[in-house]
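Visitor: sequence unavailable; structure follows:
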């Protein structure tokens with residue numbers, strides 16, 4: 001048995017790409033000096049122009065992910081609702097959560113925190129036999145039985161993932177706070193009805209299919 005015989009059935013895509021540090025130094029200084037406990041909208045911290053260019057850059061990448069990776073229809077677009085500044089002080093953590101009122105989530109890291117805790121994406125794959133309550137032991141972990149994935153971000157990294165994925169940050173064990181920007185999104189456009197039967201959705205998918213996406217992350 002070799003891996004080419006295995007079908008990865010409907011895998012979940014996550015974008016992890018370094019897009020560089022597009023936020024100017026003055027705005028970074030303002031963000032880091034802002035008063036907040038855990039999170040705060042950057043629209044309440046930065047001027048309107050600064051808030052707009054940051055939101056537009058993140059929005060550009062979420063739309064790229066939605067159209068070029070996931071392959072949503074061209075008449076639909078992804079709209080960033082707002083961008084939040086997230087601060088994780090030493091000894092603190094962000095508990096596991098998801099975003100039920102969002103389509104895609106994006107996290108951007110505008111400074112290095114090399115020893116800080118990772119971003120952990122959690123998908124319960126460990127019990128691959130979904131309809132049964134027992135857990136099976138595995139010889140070793142792999143993408144078919146692993147339940148989480150750790151991302152250790154660097155300065156300029158952007159992570160985009162479906163908002164239904166539970167995620168968290170373990171305790172920040174360093175002596176420095178960790179900063180990031182997070183955004184939630186929604187669809188704009190003529191959104192199809194969700195009342196169609198599974199067969200109707202399948203029939204439509206068959207009619208419009210014929211091209212498999214081979215995503216190219218270069219822009």
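Guide: Perfect, thanks for sending it. Quick caveat, the model's predicted, so the values are computed rather than measured. Numbers count the residues shown, from 1 in each chain.

Visitor: any regions of this protein where pLDDT drops low?
Guide: Within the chain, the stretches with pLDDT under 70 are 1, 125-127, 192-219.

Visitor: can you measure across stretch 158-169, start residue to end residue?
Guide: By CA to CA, to the nearest Å, the extent of stretch 158-169 from end to end equals 16 Å.

Visitor: which positions in it come out as buried?
Guide: By neighbour count, with 16 or more other CB atoms under 10 Å as the criterion, the buried positions of stretch 158-169 are 158, 159, 160, 161, 162, 163, 167, 168, 169. Every residue, glycine included, has its C-beta placed from N, CA and C.

Visitor: could those be laid out in JSON lines, adding secondary structure and distance to residue 66?
Guide: Output for the buried residues of stretch 158-169, formatted as JSON lines (DSSP: H, G, I helix; E, B strand; the rest coil; distance: CB to CB, whole Å):
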{"residue": "158", "secondary structure": "strand", "distance to residue 66": "14"}
{"residue": "159", "secondary structure": "strand", "distance to residue 66": "15"}
{"residue": "160", "secondary structure": "strand", "distance to residue 66": "9"}
{"residue": "161", "secondary structure": "strand", "distance to residue 66": "12"}
{"residue": "162", "secondary structure": "strand", "distance to residue 66": "10"}
{"residue": "163", "secondary structure": "coil", "distance to residue 66": "12"}
{"residue": "167", "secondary structure": "strand", "distance to residue 66": "19"}
{"residue": "168", "secondary structure": "strand", "distance to residue 66": "24"}
{"residue": "169", "secondary structure": "strand", "distance to residue 66": "25"}
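
Visitor: looking at those residues, which is nearest residue 70?
Guide: Closest approach between the buried residues of stretch 158-169 and residue 70, by CB to CB: residue 162, at 8.6 Å.

Visitor: partner residues bridging the closest one?
Guide: When assigned by DSSP bridges, residue 162 has beta-bridge partners residue 104.

Visitor: so which residues of this protein form strands?
Guide: 15-18, 39-41, 77-88, 94-97, 104-108, 119-122, 148-151, 157-162, 167-169, 178-188 (DSSP state E).

Visitor: who does the longest one pair up with?
Guide: If I follow you right, that is strand 77-88. Partners of strand 77-88 in the sheet, by DSSP bridges, are strand 39-41 (antiparallel), strand 178-188 (antiparallel).
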